[in-house]
Structures are given as structure tokens and as C-alpha cells.
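Undergrad: attaching a predicted model along with its sequence, questions to come.
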Amino acid sequence: MAIKRNQNPHPKPEKKERLTNTKTNQDQDSLEESIRPHSFDEYIGQKDLKDVLSIVIEAAKTRNEPMDHLLLYGPPGLGKTTISLILASQMGVNCKITAAPALERPRDITGLLVNLKPGDILFIDEIHRLNRLTEELLYPAMEDYRLEITIGKGQAARTRSISLPKFTLVGATTKVGALTSPLRDRFGLIQRLKFYEPQELALIIQRTAKLLNTSITEEGSQEIGRRSRGTPRIANRLLRRVRDYIQVKKFDTITQELAAEALDIYQVDPQGLDWTDRLILDTMMTQFNGGPVGLEAVAAATGEDVKTIEEVYEPYLLQIGYLNRTPRGRVVTASAYQHLGKTGLS
Ligand code: ADE
């Protein structure tokens, strides 16, 4: 069956909000703040990572030293910032949060570094996007707690070395491969966050529902959990949308049936795919015969940008086995054909 591009069978919803978006705006930020777990006991999932970090914290505390620099990587929305805040709270220190795009000029990073208190955590999100000058200022800061600044220009230029308090840098990235090796090598600990299991997401949803004073059945939380792409940020967002739905429809408890009904309306399907995921898969099937196809070609044909496909959509489609990466490009799998109700290669 040939489908032309502008006959997309998965029409974009009228409302532009992407429910499965992993970015947050300011309102969502404050909502996220109110439901964030504050200790590893409250934090559900990522057991291996919690085990490693608990040992690191205990050892550092016993030695009365700051923790080693830590690099956290993995898809967006899995809890890198939350982990950093929990680490700070367990260590009894402050956590300053910033992101690489906000560190444009050398004075942005120097300002942050000189104001740190001993033991503080500096969290830099999207650390793979640091510019070269900022990154080079971080090398001696991470290694020897020194800031090397250049004063003046040309022949008159002088360098000054300022000592910094001992601190811990927590870097977060969705693209660990994009870090330069000098930066990567300065982290004593490099840890990956994994997608969450549906059952873990169901527990997160139950916890959040309680904080939001919303009644939900176990099956209701499982239905939302299954559709949350392995990502707590998405799970909590879908929960809020389902809560809106039952409120408007005048029900008082989120059941499996109501959760499914609401999420169908929002076009989040039973596997958690939204219209863009389906468009990507559909385009690969109909225009590229299922692949192999390069990311650039998929981006051009779907009107999405390469980076978004690579960092937001593709990781989950790979995880659930709907896409494969091959040396010649991406290919759609038989399960993806089955999910979209299509027959295989034409
Ligand atoms: N909210 C978001 N992520 C969470 C997690 N991992 N555990 C508990 N609540 C959460």
C-alpha cells in the first residue's frame, strides 16, 4: 500500500503540545519540583545506579571529602537532575544547577565556580554542548580545584591561578559520545540511566497521584505506565492529562478504562507512541521501503530535525525493538510493521 507524504494516516493533533515531550516549561518545572523525590528511599527505579551512588556517598562522607566528579548519561526525562539534587541532600551540601547553553562566556562559568562552598555540587546539564573556552576552564578546576584565568591580551597577557573550594561536578548528557575525551576522562564515575520498567512507572504514577490528591486504581496506573515510554517525566505528565479528563467527565477515580480512553484522545497509543513516532515509522516504511535509511533523509521527509529524532524519538523506538541501527542506516523491524498494522516490505 503506497501512502503519499501528505496523506499521513496519523494526523497531527490540533493542539501543539506534545504530551510525550521530555522538555519542560516553567509551569511544568514548578509542578515537577513539587513531586520530585528527595531521597533515594523515595526514588523508584534505577536500582543499580542507586547502589553505586550510595557506596560512593558513604565513602566520601567517611573520608570527609567531596564525591568524585560524576557523569550521568541517558535519554531525557529519566531523572538526572533529581539524582544530583538527592546526592547534594545526602551529602548535606548545596547543588547549583546550570546548563551548557547558559555558559556562553568564560565569566559565566568562573562566576559559578568562585561562588561554590566547599563540597558543593555543580550540576551542568547538556554538558556535551560546552564551548571550548568554558570546557578548558573546567579541566584544571576539576583536576586541581584551580581556576586559570588570562588577564589582558596578546604579549601583555598574564595568567592567574585562583584556588577553588573542593567541589563535585555532576555532568548530564543525552549524548555521551559527543563529549571530548579530555572532559570525559576527568569524571571519576560515568553512569548510565536506563529506561524504567512499566511496573516502576506505575509505582511512580501512584506516588505522584497521592501527592496530587488524585484517586487511581492499580490497573489505571499500569495503563499510564505502559504508555509512558519508560520515562517518569512523561508518566507524570500523562497522569495530569488523565486527571483533567476524569475531572471534566465527572469521574472520581482513574481506572484502566478511563486512562486508556483519555490517552487515546491525546493520541498516545498503547505502546506510548505519539503521532511523531508513528509518522517517523510510517515514512520509513512507505517512502524508504523500511530502510536502511539515513537519519538526515528521515528528518527531511518528516519535517523533524535530526537532533530531535536522534535524541528524543529514536532511543525509545530502538529500546522497544521497532527500529534497528545498521552500518547502512536505520531499519524498521517486523514488530513496527505489526504495530502500525502494515504488511512487511513491498
Ligand atoms: N518522580 C519522577 N521520577 C521519580 C522516581 N524515579 N521515583 C519517584 N518519583 C518520581
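TA: Looks like it came in fine.

Undergrad: please make it C-alpha for all contacts and neighbour counts, starting now.
TA: OK.

Undergrad: give the contact list for Ala262.
TA: 241-242, 245 (Cα atoms under 8 Å, 6 or more residues apart in numbering).

Undergrad: nearest to Lys210 among the residues you listed?
TA: The shortest gap between Lys210 and any of those belongs to Val242, at 14.3 Å (Cα to Cα).

Undergrad: so what's the most centrally placed residue in the chain scoring on pLDDT?
TA: Residue closest to the average C-alpha location in the chain (Cα atoms, centre = their mean): Pro76, at 1.1 Å. Reading off the per-residue confidence, Pro76 sits at a pLDDT of 93.

Undergrad: same check on the one 5 residues further on?
TA: At Thr81, the model reports a pLDDT of 97.

Undergrad: please state the offset of the helix or strand it falls within from the chain centre?
TA: Counting by DSSP states H and E, the element that carries Thr81 is helix 80-91. When C-alpha coordinates are averaged (Cα atoms, centre = their mean, to the nearest Å), helix 80-91 and its chain have centres 16 Å apart.

Undergrad: packing partners for that helix?
TA: Helices and strands in packing contact with helix 80-91 are listed as helix 47-63, strand 95-99, strand 121-125, strand 168-173; criterion 3 or more Cα pairs under 8 Å, 6 or more residues apart in numbering; DSSP states H and E.

Undergrad: using TSV, lay out the contacts of Ala262 together with secondary structure, pLDDT and distance to Ile57.
TA: Converted to TSV, the contacts of Ala262 look like this (DSSP: H, G, I helix; E, B strand; the rest coil; pLDDT from 0 to 100; distance: Cα to Cα, whole Å):
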residue	secondary structure	pLDDT	distance to Ile57
Arg241	helix	97	37
Val242	helix	98	38
Tyr245	helix	98	43
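
Undergrad: which of those tops the neighbour count?
TA: In terms of neighbour count, Val242 stands highest of the contacts of Ala262 at 23 neighbours, by other Cα atoms under 10 Å.

Undergrad: contact partners for that one?
TA: Residues in contact with Val242, defined by Cα under 8 Å, 6+ apart, are 254, 258-259, 262-263.

Undergrad: Ala235 reaches Gly225, doesn't it?
TA: Yes - with the criterion set as Cα atoms under 8 Å, Ala235 and Gly225 qualify as a contacting pair; they are 6.1 Å apart.

Undergrad: settle it for me: which of those two has more neighbours?
TA: When Ala235 is set against Gly225 and neighbours are counted by other Cα under 10 Å, the residue ahead is Gly225, at 32 against 27.

Undergrad: report the inter-axis angle for the helix holding Thr81 versus strand 121-125.
TA: If you take axes from the mean of the first three to the mean of the last three Cα atoms, to 10 degrees, helix 80-91 sits at 180 degrees to strand 121-125.

Undergrad: hmm, back to that, filter the contacts of Ala262 down to the ones near the ligand?
TA: For the ligand, no contacts are drawn from those by Cα under 6 Å from any ligand atom.

Undergrad: immediately after the helix or strand containing Ala259, which helix or strand?
TA: Element membership for Ala259, per DSSP H and E: helix 256-265. Proceeding N to C from helix 256-265, the next assigned helix or strand is helix 275-287, under DSSP H and E.

Undergrad: buried residues in that following helix, which are they?
TA: 275-287 (16 or more other Cα atoms under 10 Å).

Undergrad: output those residues as JSON lines; include the columns distance to Lys249.
TA: Converted to JSON lines, the buried residues of helix 275-287 look like this (distance: Cα to Cα, whole Å):
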{"residue": "Trp275", "distance to Lys249": "25"}
{"residue": "Thr276", "distance to Lys249": "28"}
{"residue": "Asp277", "distance to Lys249": "29"}
{"residue": "Arg278", "distance to Lys249": "28"}
{"residue": "Leu279", "distance to Lys249": "30"}
{"residue": "Ile280", "distance to Lys249": "33"}
{"residue": "Leu281", "distance to Lys249": "33"}
{"residue": "Asp282", "distance to Lys249": "33"}
{"residue": "Thr283", "distance to Lys249": "36"}
{"residue": "Met284", "distance to Lys249": "38"}
{"residue": "Met285", "distance to Lys249": "38"}
{"residue": "Thr286", "distance to Lys249": "39"}
{"residue": "Gln287", "distance to Lys249": "41"}
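
Undergrad: could you identify the most distant pair in those?
TA: Across those, no pair lies farther apart than Trp275 and Gln287, at 17.1 Å, counting by Cα to Cα.

Undergrad: tell me which element Leu72 falls in.
TA: Per DSSP H and E: Leu72 is located in strand 70-73.

Undergrad: was I right to think Pro101 contacts Arg129?
TA: Yes - with contacts counted by Cα under 8 Å, Pro101 reaches Arg129, the gap being 6.7 Å.
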